[in-house]
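A.B. asks: Coordinates for the following, if possible.
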Amino acid sequence: MGDKRYALVTGGSRGIGRAICVRLAAAGMDIVFNYQSGSEAAEETKKLCEEQGVKVMAVRADISKPEDCDMLIKTAADFFGGRIDVLVNNAGITRDNLLARISDEDLDAVLNVNLKGSFYMMRGVSKYMLRQKYGRIINMSSVVGVMGNAGQVNYAASKAAVIGMTKSLARELASRRITVNAVAPGMIETDMTAAIKEGAKEKIIEGIPFKEMGKPEDIANTVAFLAGDEAGYITGQVICVDGGMAI
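C.D. replies: Numbers count the residues shown, from 1 in each chain. As a prediction, this is how the structure comes out:
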């Protein structure tokens, strides 16, 4: 990568978010990431990134709140000297249940983080990218947003909506050489998938053509590619990193 780049990652304290932060740091990018809880995990991510020789800041923020998103974006821009080159909307939550048992609160919680949080972040960061006439926005969708899944109506809706936002914003920003893409992870080894009961997990893995779960680094490598100069002519795409689940 030629010029110095600066990346803002949401939900970077653990799992896929941590892997993304470390991978982008390894590519030479300075990093700002947010976390909502778990300051020790956030410090560990910060340490791992700093070992790559870059500058890193961890910011406590709730991206379901527009005022927190504005604060996070301004903090990152100040830390980066007025630029934000890469935005990775990774933060997400689940509140799984059968449709009849999903409460209004569980629906709102998932939409507020997964959908609205990504919207707030893109709205704020795109202003910097438009001035720069450069930017890479990578949104985290899910294989569930592509193919659906029983017991995850609210989560699937939020992740399918992220795909719609990705494609629409890609059209809006293409004339300024700003790319907007989505990554749709399948079954990845994280705290979220660790909570799945063993029998159910085995059944899911049996339905994966690769017959195994992916690792956070698999997602991080794809994000790093989309964030780099080599992906400058790719926009509005959804890349499934899922071992073939969505085939």
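A.B. asks: I'd like to know which elements the longest strand anywhere in the chain is packed against.
C.D. replies: Longest strand in the chain by number of residues (criterion: DSSP state E): strand 178-185. Contacts defined by 3 or more Cβ pairs under 8 Å, 6 or more residues apart in numbering; DSSP states H and E place strand 178-185 against helix 118-132, strand 135-140, helix 143-147, helix 153-173, helix 216-227, strand 238-241. C-betas here are computed from N, CA, C, even on glycine.
A.B. asks: pLDDT averaged over the fourth one - what is it?
C.D. replies: Averaged across helix 153-173, the pLDDT comes to 98.
A.B. asks: from memory I16 sits against E189, does it?
C.D. replies: No. Using Cβ atoms under 8 Å, I16 is not in contact with E189; the gap is 9.7 Å.
A.B. asks: quick one: least confident helix or strand in the chain?
C.D. replies: The weakest-scoring helix or strand in the chain, judged by mean pLDDT, DSSP states H and E, is helix 191-194 (a mean of 76).
A.B. asks: Tell me the gap between the helix or strand hosting T75 and the middle of its chain.
C.D. replies: In the assignment (DSSP states H and E), T75 maps to helix 66-79. Put simply, helix 66-79 sits 17 Å off its chain's centre (Cα atoms, centre = their mean, to the nearest Å).
A.B. asks: Flag the shaky bits of this protein, pLDDT-wise.
C.D. replies: 1-2 (pLDDT under 70).
A.B. asks: on that earlier part again, just the CA atoms of whatever helix or strand comes next after the least confident helix or strand of the chain, as CSV, please.
C.D. replies: Sequence order places helix 198-206 as the next helix or strand after helix 191-194, per DSSP H and E. Taking Å, rounded to 0.1, in the frame of the first residue of the first chain, the C-alpha atoms of helix 198-206 are listed here in CSV:
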residue,chain,number,x,y,z
GLU,A,198,-23.2,-28.8,20.3
GLY,A,199,-25.8,-30.9,18.6
ALA,A,200,-27.2,-27.9,16.7
LYS,A,201,-23.7,-26.8,15.8
GLU,A,202,-22.8,-30.2,14.3
LYS,A,203,-25.9,-30.1,12.2
ILE,A,204,-25.0,-26.7,10.8
ILE,A,205,-21.4,-27.8,10.1
GLU,A,206,-22.8,-30.9,8.2
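A.B. asks: ok, and what's touching helix 198-206?
C.D. replies: Here helix 198-206 makes contact (Cβ atoms under 8 Å, 6 or more residues apart in numbering) with M187, T193, I196, K211, E212, M213.
A.B. asks: before we move on, back to that, which stretch among the helices and strands packed on strand 178-185 is buried most, on average?
C.D. replies: strand 135-140 (a mean of 25; mean count of other Cβ atoms under 10 Å).
A.B. asks: Go through the helix holding T75 and flag the buried ones.
C.D. replies: Buried residues in helix 66-79, counted by 16 or more other Cβ atoms under 10 Å: D68, C69, M71, L72, I73, T75, A76, A77, F79.
A.B. asks: Which of these lies at the shortest distance from G92?
C.D. replies: C69 (14.6 Å; Cβ to Cβ).
A.B. asks: Strand partners (parallel or antiparallel) of the longest strand of the chain?
C.D. replies: Using DSSP bridges, strand 178-185 pairs in its sheet with strand 135-140 (parallel), strand 238-241 (parallel).
A.B. asks: okay, those strands in CSV with distance to S103 next?
C.D. replies: Listed next are the strands paired with strand 178-185 as CSV, based on distance: least, Cβ to Cβ, whole Å:
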stretch, distance to S103
strand 135-140, 24
strand 238-241, 29
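A.B. asks: any idea which residue sits dead centre in this structure?
C.D. replies: N90 (1.9 Å; Cα atoms, centre = their mean).
A.B. asks: Would you confirm that that residue contacts L8?
C.D. replies: No. Contact criterion Cβ under 8 Å: N90 and L8 do not qualify, at 10.4 Å.
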